[in-house]
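K.L.:
Below are the sequence and a predicted model for it; my questions follow.
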Number of protein chains: 2
Amino acid sequence: MLTIGDVARASGLPTKTVRYYADIGLVKPDARSQSGYRLYSDIELRKLIFVRRARAFGFSVEACRELLDLYQDRDRPSRDVKKLAMQRIAEIERKMRELELLHRELSHLAESCHGDDRPDCPILSSFAEDGAVPEISEK
Amino acid sequence: MLTIGDVARASGLPTKTVRYYADIGLVKPDARSQSGYRLYSDIELRKLIFVRRARAFGFSVEACRELLDLYQDRDRPSRDVKKLAMQRIAEIERKMRELELLHRELSHLAESCHGDDRPDCPILSSFAEDGAVPEISEK
DNA sequence: CTTGACCTTCCAGTAGCTGGAAGGATTTAC
DNA sequence: GTAAATCCTTCCAGCTACTGGAAGGTCAAG
């Protein structure tokens, strides 16, 4: 059995995060030592690694919970996994569109700003006077 | 003088948000009525509108504070404004690159997943077995 | 005079951790 | 054998930028 520090090192997650995942019931230790130390098996370590990778793809902790369930279900339909992935992809695409819009508009403003000692600036003017502004939800 | 509801309507910000901006000292009311109501002048209303637009471009509240200072400084060098804008643009570009990477990798995985009744799934396999995973900071 | 629409403050919660304090357990060095 | 270093525990607070809700005061209209 591994202590929290062991699985933290092995999974690449901070100890604090492993403890946090235990607290929220995402990946719970198999047992506690007599002195109360969290003890993890290789299986739980594997789950922690799994979660780190899913999180690296931007899946929310709740989505990770579902993915872990699927991961552990030998009879899962791959359809269910793909659905989660497609949702995440749609989310990514939405954010990319938002950022592209912001980038276009802000670059335009910045380009037309002299960026010297003079006080007149189209960026400030735009914030102060314009009507149209990018629509964002930034989640 | 305008009440908080008035400036909320006029600025397009929720009342709660206007109150929050007052709490954190971003845009403070000019005065309080005898009964304690926040009272705003046209100048403060203009600042609220300014902040809403700057926020719509993704500037943090702290950046908005700096932008507001510049907005109010008649002797500002436009250089300073442009600098903030360029920083924001760099941030946007970083996020875009991150999202593009995620999109590429996750799309690749999703494409190679059957998405049917069968349990084998390259997405799960990737999370469980792979080594390489996208590097993210997602801020 | 009462109803309803406003306003106030304060507390809690969102996501996903992260930092730190206070204190017990275990291991290593000497 | 013991002292120091390193680990572990719990709990509380804080980060961003709000948002929701409760309890209660205020104001204009009918």
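P.N.:
Now that the structure is in, tell me what you want to look at.

K.L.:
The residue nearest the centre of chain A and chain B: what is the separation?
P.N.:
Among the residues of chain A, the one closest to the centroid is A:Gly58, at 3.6 Å (C-alpha atoms, centre = their mean). Per C-beta to the nearest C-beta, to the nearest Å, A:Gly58 is found 6 Å from chain B. Yep, even glycine has a C-beta here, placed from its N, CA and C like the rest.

K.L.:
same thing with A:Arg104?
P.N.:
A:Arg104 sits 10 Å away from chain B when distances are taken as C-beta to the nearest C-beta.

K.L.:
Now A:Ile4: closest residue in space, sequence neighbours ignored.
P.N.:
When the adjacent residues along the chain are set aside, A:Ile4 lies closest to A:Arg38, with 4.9 Å between them (C-beta to C-beta, 6 or more residues apart in numbering or on different chains).

K.L.:
right, and A:Met1 touches A:Arg32 too?
P.N.:
No - at 10.2 Å, A:Met1 does not count as touching A:Arg32 under the criterion of C-beta atoms under 8 Å.

K.L.:
more crowded one of those two?
P.N.:
A:Met1 (15 against 10; other C-beta atoms under 10 Å in any protein chain shown).

K.L.:
and the more buried one, what is it in contact with?
P.N.:
Taking C-beta atoms under 8 Å, 6 or more residues apart in numbering or on different chains, we find A:Met1 in contact with A:Asp30, A:Ala31, A:Leu39, A:Tyr40, A:Ser41.

K.L.:
ok, so what distance separates A:Cys82 from A:Lys28?
P.N.:
For the record, residue A:82 is Lys, not Cys. 27 Å (C-beta to C-beta, to the nearest Å).

K.L.:
cool, and A:Glu93?
P.N.:
Distance from A:Glu93 to A:Lys28, counting by C-beta to C-beta: 34 Å.

K.L.:
Am I right that A:Glu93 sits in a strand?
P.N.:
No - under the criterion used here (DSSP: H, G, I helix; E, B strand; the rest coil), A:Glu93 is helix, not part of a strand.

K.L.:
any idea what sits nearest the residue lying farthest from the centre of chain A, other than its immediate chain neighbours?
P.N.:
Here chain A reaches farthest from its C-alpha mean at A:Arg118, the gap being 41.7 Å by C-alpha atoms, centre = their mean. Distances taken as C-beta to C-beta, 6+ apart place B:Ser78 nearest to A:Arg118, at 5.7 Å, with adjacent residues excluded.

K.L.:
burial measure for the closest residue to A:Ser126 other than its chain neighbours, as a count.
P.N.:
Nearest residue to A:Ser126, sequence neighbours excluded (C-beta to C-beta, 6+ apart): A:Leu109, at 5.6 Å. Residues near A:Leu109, counting by other C-beta under 10 Å, number 22.
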